[in-house]
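> This is the structure alone, sequence omitted:
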């Protein structure tokens with residue numbers, strides 16, 4: 001038993017020291033990033049697809065060169081905007097474009113005044129189709145900038161649009177970004193110092209540029225196809241509301257008079273009397289006619305029929321001519 005305990009103790013002592021790397025090593029720092037807006041001028045005469053490809057190559061090359069300059073990986077978060085889609089910027093740039101050149105100082109001043117009062121990224125990079133001439137003998141330059149306020153205020157840069165030289169233009173963009181670092185904060189940014197990486201990480205952590213939220217575009221045009229909307233189903237019938245009974249004053253019902261029988265029809269007036277025949281001399285023959293009168297009993301409610309007229313036959317005496 002003692003031997004077993006000794007072996008167990010010796011085994012524990014012989015184990016290597018175990019440590020948690022997440023507690024003893026420094027925390028993983030976030031990769032420095034710079035926001036940059038590529039502002040495409042109207043002087044660039046190329047399809048949008050080619051412009052987007054050119055900007056993508058230049059941005060990728062610039063990131064590669066910045067990593068070699070700062071000794072730390074640096075991300076260029078970028079967006080592209082066309083001046084033709086913004087009437088204010090289009091008017092602002094008209095006075096600075098004097099073909100075949102672009103007025104550098106005027107462009108930097110106008111764009112700085114325009115964006116510094118808005119939500120802006122760290123860098124505004126104008127992509128121009130005109131030649132860049134700095135006045136010091138450099139014609140058709142790849143880029144230009146003169147501000148040294150990166151991560152403090154907006155920095156304006158100019159790049160030439162030249163798809164055949166995208167590698168050189170990417171290198172120029174990285175040089176312009178390195179030159180825009182405030183020399184007071186990082187005095188030896190152009191030198192190979194051992195602590196340059198840590199200094200640049202600390203300096204770039206102050207970059208907080210943001211892209212301006214895009215305004216919603218105009219509503220889409222109404223569709224030409226007519227769609228028939230299905231009628232809504234009829235609503236269920238609403239039950240009638242029963243009225244609240246109210247007490248009404250009772251009125252006497254008038255008595256309906258009983259129908260009276262029609263009055264009897266008066267008898268018709270008697271007919272005219274027959275004419276009296278002249279007297280006949282000597283012999284008179286008289287014929288008596290019996291008058292028959294038929295009277296029907298009246299049947300109520302029908303009216304009584306008129307009484308028949310008496311018929312009297314008078315014989316005319318025949319004269320004696322003998």
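Perfect, thanks for sending it. Owing to the predicted nature of the structure, the values given are computational and were not obtained by experimental measurement.

> CA atoms for contacts and neighbours, from now on please.
Noted.

> three-state assignment of residue 158?
strand (DSSP: H, G, I helix; E, B strand; the rest coil).

> Now do the strands in the chain.
For the chain, strands defined by DSSP state E occupy the ranges 33-40, 75-82, 97-98, 101-102, 123-128, 143-144, 155-160.

> Mind putting those into CSV with mean neighbour count and mean pLDDT?
Listed next are the strands of the chain as CSV, based on neighbours: other CA atoms under 10 Å; pLDDT from 0 to 100:
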stretch, mean neighbour count, mean pLDDT
strand 33-40, 21, 96
strand 75-82, 16, 96
strand 97-98, 16, 86
strand 101-102, 20, 89
strand 123-128, 23, 96
strand 143-144, 24, 94
strand 155-160, 25, 96
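
> Turn these into TSV, columns for distance to residue 169.
Below are those laid out as TSV (distance: least, CA to CA, whole Å):
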stretch	distance to residue 169
strand 33-40	13
strand 75-82	15
strand 97-98	21
strand 101-102	17
strand 123-128	11
strand 143-144	7
strand 155-160	7
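
> and of the ones you listed, who's closest to residue 116?
Of all the strands of the chain, it is strand 155-160 that lies closest to residue 116, at 9.4 Å by CA to CA.

> Could you tell me the angle between the closest one and strand 33-40?
50 degrees (axes from the mean of the first three to the mean of the last three CA atoms, to 10 degrees).

> So what's the residue count around residue 188?
12 (other CA atoms under 10 Å).

> Skip the chain neighbours and tell me the closest residue to it.
Closest residue to residue 188 apart from its sequence neighbours, by CA to CA, 6 or more residues apart in numbering: residue 196 at 7.9 Å.

> ditto for residue 166
Spatially, and ignoring its direct neighbours in sequence, residue 166 is nearest to residue 58 (5.6 Å; CA to CA, 6+ apart).

> Can you check the pLDDT for that neighbour?
On the pLDDT scale, residue 58 is placed at 97.

> Next: residue 100.
Looking at residue 100, its pLDDT stands at 86.
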